[in-house]
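1. show me how the following folds:
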Amino acid sequence: RRVLFRSRGESEYPDVNIFSRLTNRKEPRMTRSHALKWLSVLLTASLFHALAPNDTYANLPLYLALTATAVTIWVFDLLPAVFVAAVLTFCYLITNLATPEVILSPWTTVLIWTTFGAAIFGEAMEQTGLAKRVALRCMLLTGGTFRGMLIGFGAGGIILGLLLASGFARTVIFCAIGAGIIQALELDTKSRMSSLIMLGCFFAAAAPTMQFLHTSETFIWAYSILLKNLGISVDFWEFLSHMFLPNLLYVIICFAAIYLTRGSARLPDENALKQILRTRLKELGPMNTAEKRLLILALLSVLGFMLEPLTGLNAVWGLCLAALSCYLPGMGIMRAESFTRLNIIFLVFIAGCMSMGAVAGAVGANKWAVAAIMPNLQGLPPTAGIVCSYAAGVIANLLLTPFAATVGFTPAFAELGREMAVNPVPLFYAFQFGLDQYFFPYEGVMFLYLFTTGCVTLKHILPALGLRTVLTAVMIAAAAVPYWNMIGIM
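-> Prediction:
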């Protein structure tokens with residue numbers, strides 16, 4: 001077993017970025033199963049090309065065939081994800097589905113550079129131990145019981161979400177803490193308790209995604225696309241009024257689902273847990289100068305989002321500048337030469353996925369999708385429409401990855417809202433809640449990473465995941481919708 005808690009300065013996960021693993025793997029042998037998967041890719045592409053209408057939207061069949069090919073390859077993990085995204089981008093260019101300005105437009109959006117800045121902050125917080133210190137401190141303050149640990153995970157996730165705009169980086173950090181607790185308590189890694197502790201780590205990283213405007217790099221991009229199509233703007237404080245309370249309820253629901261489905265599973269010695277947390281925190285030593293400077297830089301980046309309505313400056317550029325400051329001589333946070341080893345090839349993957357949404361608008365895929373589903377939504381009351389949007393997110397996440405679903409459907413929300421004569425912003429919020437409902441490892445990189453720890457068994461966490469999905473639907477209908485009505489965004 002790898003040691004998950006080390007002394008200051010030692011990296012527990014030197015290869016933090018999972019995409020680097022996807023670009024450095026051996027070529028699999030062509031087995032019968034492998035051949036059937038490739039056949040499924042060809043059949044899926046052919047099916048989409050044959051069924052797509054070509055009378056109104058001439059380029060739609062080719063777009064759907066190319067995009068379906070890429071998505072199916074991702075689902076079956078047949079080729080490196082970054083490689084597929086790059087090939088898809090150049091296929092769009094060669095087939096003239098849109099202009100190069102449209103296809104390559106993702107490189108000019110905030111998501112690419114938010115991810116870039118968040119990757120640097122994530123690496124710095126992991127190297128200095130700042131993120132682990134915040135999480136351990138929150139868990140220690142909430143007590144050493146199982147319930148207290150869950151509360152600590154939730155509080156730590158929200159605080160870390162304020163400081164670190166990278167869900168994957170937060171997942172790595174919390175999983176390291178969770179696996180270390182399991183090892184220290186000598187729990188069976190195949191036990192229900194082991195799985196529930198790791199699920200709590202995942203919820204701590206993923207559930208606060210919409211707690212603040214900048215908590216998730218993907219959400220910032222998707223939200224900016226929606227607002228651009230609507231011709232409106234929403235700043236840090238206005239978004240806080242929209243989502244802080246609903247997302248706080250969602251975080252509570254996530255950890256309540258774990259607590260309610262734990263069954264007879266108990267920690268072997270709850271008093272030992274508090275001692276373990278104290279030991280892990282003591283191993284980090286006193287907070288050093290590098291951590292203090294990093295904390296100041298992180299808070300300055302958050303301040304940029306808060307003051308954006310007054311300054312008029314895009315806070316993402318401030319985030320990147322603050323992150324790059326970690327490498328400056330005299331800061332003592334990150335060595336300048338380590339910047340060349342920063343793995344940022346995953347930006348190609350993100351840009352390739354984003355080009356799917358950009359080209360979709362150019363070929364008319366968004367309008368076609370809205371026209372196809374509108375007959376089923378017309379006449380529905382607003383609450384039912386929002387619950388349907390949530391259900392659509394849950395289903396989309398089963399068929400696609402959350403990022404691919406966000407890319408594919410976000411541009412259509414403005415059009416859908418206009419057709420339904422409702423504000424599309426709550427529809428979008430509900431859809432994002434739906435995309436956060438996971439059941440199987442293939443659905444998302446963050447959820448997949450949970451299983452790489454070797455401490456999770458799927459059958460032990462499915463009850464909590466299912467209960468969370470049901471409770472979230474109830475929360476949206478019974479609490480979020482009345483709240484959004486009250487503040488006037490319905």
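2. what's the next secondary structure element after the strand or helix carrying residue 446?
-> Using DSSP states H and E, the element containing residue 446 is helix 445-451. Moving toward the C-terminus from helix 445-451, the next helix or strand (DSSP H and E) is helix 458-475.
3. and that next one, how far from the chain's centre?
-> The chain centre lies 18 Å from the centre of helix 458-475; the measure is CA atoms, centre = their mean, to the nearest Å.
4. buried sites along the next helix-or-strand element following it?
-> Proceeding N to C from helix 458-475, the next assigned helix or strand is helix 481-487, under DSSP H and E. Neighbour-count burial for helix 481-487, counted by 16 or more other CB atoms under 10 Å, picks out 481, 483, 484. Any C-beta I mention is one placed from the backbone N, CA and C, and that applies to glycine too.
5. who's in contact with helix 481-487?
-> Helix 481-487 has contacts (CB atoms under 8 Å, 6 or more residues apart in numbering) with 241, 242, 245, 246, 382, 383, 386, 426, 429, 490.
6. so how far is residue 184 from residue 283?
-> Computed with CB to CB, to the nearest Å, the distance linking residue 283 and residue 184 is 11 Å.
7. between these two, who's got more neighbours?
-> Set residue 283 next to residue 184 and count neighbours by other CB atoms under 10 Å: residue 184 wins out with 17 against 14.
8. for the residue of the chain most remote from its centre, grab phi and psi.
-> Centroid-distance maximum for the chain: residue 55 at 37.1 Å, with CA atoms, centre = their mean. Note on residue 55: its backbone torsions stand at phi -80, psi -50 [degrees, to the nearest 10].
9. what about the helices in the stretch 151-300 of the chain?
-> Using DSSP state H, counting those that start in this stretch, the helices of the stretch 151-300 of the chain run over residues 167-184, 192-206, 217-230, 236-260, 270-284, 289-311.
10. just say which of those is most tucked in.
-> With neighbours defined as mean count of other CB atoms under 10 Å, the helices of the stretch 151-300 of the chain peak in mean count at helix 192-206, which reaches a mean of 26.
11. what does stretch 239-258 contact?
-> Stretch 239-258 has contacts (CB under 8 Å, 6+ apart) with 150-151, 153-154, 157-158, 196, 199-200, 203, 207-213, 223, 234, 425, 429, 433, 464-465, 467-468, 471-472, 475-476, 479-480, 483-484, 487, 489.
12. now stretch 70-83: how far from the chain's centre is it?
-> In terms of CA atoms, centre = their mean, the centre of stretch 70-83 is set 19 Å apart from its chain centre.
13. cool, stretch 329-349 as well?
-> 22 Å.
14. what are the buried residues along it?
-> 331, 333, 334, 346, 347, 348, 349.
15. which ones among those residues map onto helices?
-> Judged by DSSP state H, the subset of these located in helices is 346, 347, 348, 349.
16. first-to-last residue distance for stretch 435-450?
-> This stretch, stretch 435-450, spans 17 Å end to end (CA to CA, to the nearest Å).
17. okay, buried residues for that stretch please.
-> Taking 16+ other CB under 10 Å as the criterion, stretch 435-450 shows 435-439, 443-450 as buried.
18. need the helices of the stretch 151-300 of the chain in JSON lines (columns: mean pLDDT and distance to residue 393).
-> What follows is the helices of the stretch 151-300 of the chain, written out as JSON lines (pLDDT from 0 to 100; distance: least, CB to CB, whole Å):
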{"stretch": "helix 167-184", "mean pLDDT": "79", "distance to residue 393": "16"}
{"stretch": "helix 192-206", "mean pLDDT": "92", "distance to residue 393": "14"}
{"stretch": "helix 217-230", "mean pLDDT": "78", "distance to residue 393": "12"}
{"stretch": "helix 236-260", "mean pLDDT": "94", "distance to residue 393": "13"}
{"stretch": "helix 270-284", "mean pLDDT": "79", "distance to residue 393": "35"}
{"stretch": "helix 289-311", "mean pLDDT": "86", "distance to residue 393": "25"}
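19. which one of those lies closest to residue 405?
-> Nearest of the helices of the stretch 151-300 of the chain to residue 405, taken as CB to CB: helix 217-230 at 9.9 Å.
20. ok, residues contacting the closest one?
-> 109-111, 114-115, 118, 165-167, 209-210, 213-214, 233-234, 239, 316, 354, 357, 402-403, 406-407, 410-411, 413-415, 417, 424-425, 428, 432.
21. next, the angle from it to helix 236-260.
-> 130 degrees (axes from the mean of the first three to the mean of the last three CA atoms, to 10 degrees).
22. only alpha carbons, please: show helix 217-230 as CSV.
-> Extracted C-alpha coordinates of helix 217-230, given in CSV (Å, rounded to 0.1, in the frame of the first residue of the first chain):
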residue,chain,number,x,y,z
GLU,A,217,-13.7,25.8,-13.3
THR,A,218,-16.2,24.0,-15.5
PHE,A,219,-19.2,25.7,-13.9
ILE,A,220,-17.7,29.1,-14.4
TRP,A,221,-17.4,28.5,-18.2
ALA,A,222,-20.8,26.9,-18.6
TYR,A,223,-22.4,29.7,-16.6
SER,A,224,-20.7,32.4,-18.6
ILE,A,225,-21.9,30.8,-21.9
LEU,A,226,-25.5,30.7,-20.6
LEU,A,227,-25.3,34.4,-19.5
LYS,A,228,-23.8,35.5,-22.8
ASN,A,229,-26.6,33.8,-24.7
LEU,A,230,-29.1,35.6,-22.4
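23. and the closest residue to residue 338 other than its chain neighbours, how many neighbours?
-> Once flanking residues are discounted, residue 338 sits nearest to residue 327: 7.6 Å by CB to CB, 6 or more residues apart in numbering. Residue 327 has 17 neighbours, counted by other CB under 10 Å.
24. touching, residue 327 and residue 342? I think so.
-> No: taking contacts as CB atoms under 8 Å, residue 327 lies outside contact range of residue 342: 9.4 Å.
25. just the element for the closest residue to residue 352 other than its chain neighbours, please.
-> Distances taken as CB to CB, 6+ apart put residue 85 closest to residue 352, at 2.7 Å, once the chain neighbours are dropped. Counting by DSSP H and E, the element that carries residue 85 is helix 81-94.
26. after that helix, next one along is what?
-> Downstream of helix 81-94, the first helix or strand assigned by DSSP H and E is helix 100-103.
27. name the residues that touch that next one?
-> Outside helix 100-103, the residues that reach it (CB under 8 Å, 6+ apart) are 89, 92, 93, 97, 355, 358, 359, 361, 362.
28. now those as a markdown table including distance to residue 258?
-> Output for the contacts of helix 100-103, formatted as a markdown table (distance: CB to CB, whole Å):
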| residue | distance to residue 258 |
| --- | --- |
| 89 | 40 |
| 92 | 42 |
| 93 | 46 |
| 97 | 45 |
| 355 | 38 |
| 358 | 38 |
| 359 | 40 |
| 361 | 40 |
| 362 | 44 |
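29. neighbour count, distance to residue 460 and pLDDT for these - can I get that in a markdown table?
-> A markdown table is the format used below for those (neighbours: other CB atoms under 10 Å; distance: CB to CB, whole Å; pLDDT from 0 to 100):
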| residue | neighbour count | distance to residue 460 | pLDDT |
| --- | --- | --- | --- |
| 89 | 22 | 40 | 93 |
| 92 | 26 | 42 | 94 |
| 93 | 16 | 46 | 94 |
| 97 | 21 | 45 | 91 |
| 355 | 26 | 39 | 84 |
| 358 | 21 | 41 | 79 |
| 359 | 25 | 41 | 86 |
| 361 | 17 | 42 | 76 |
| 362 | 16 | 45 | 83 |
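30. next up, the contacts around residue 327.
-> Contacts here follow CB under 8 Å, 6+ apart; on that basis residue 327 touches 333, 334, 335, 336, 338, 339.
31. so the first one sits against residue 125, correct?
-> If I follow you right, that is residue 333. No: counting by CB under 8 Å, residue 333 does not reach residue 125; the two are 9.7 Å apart.
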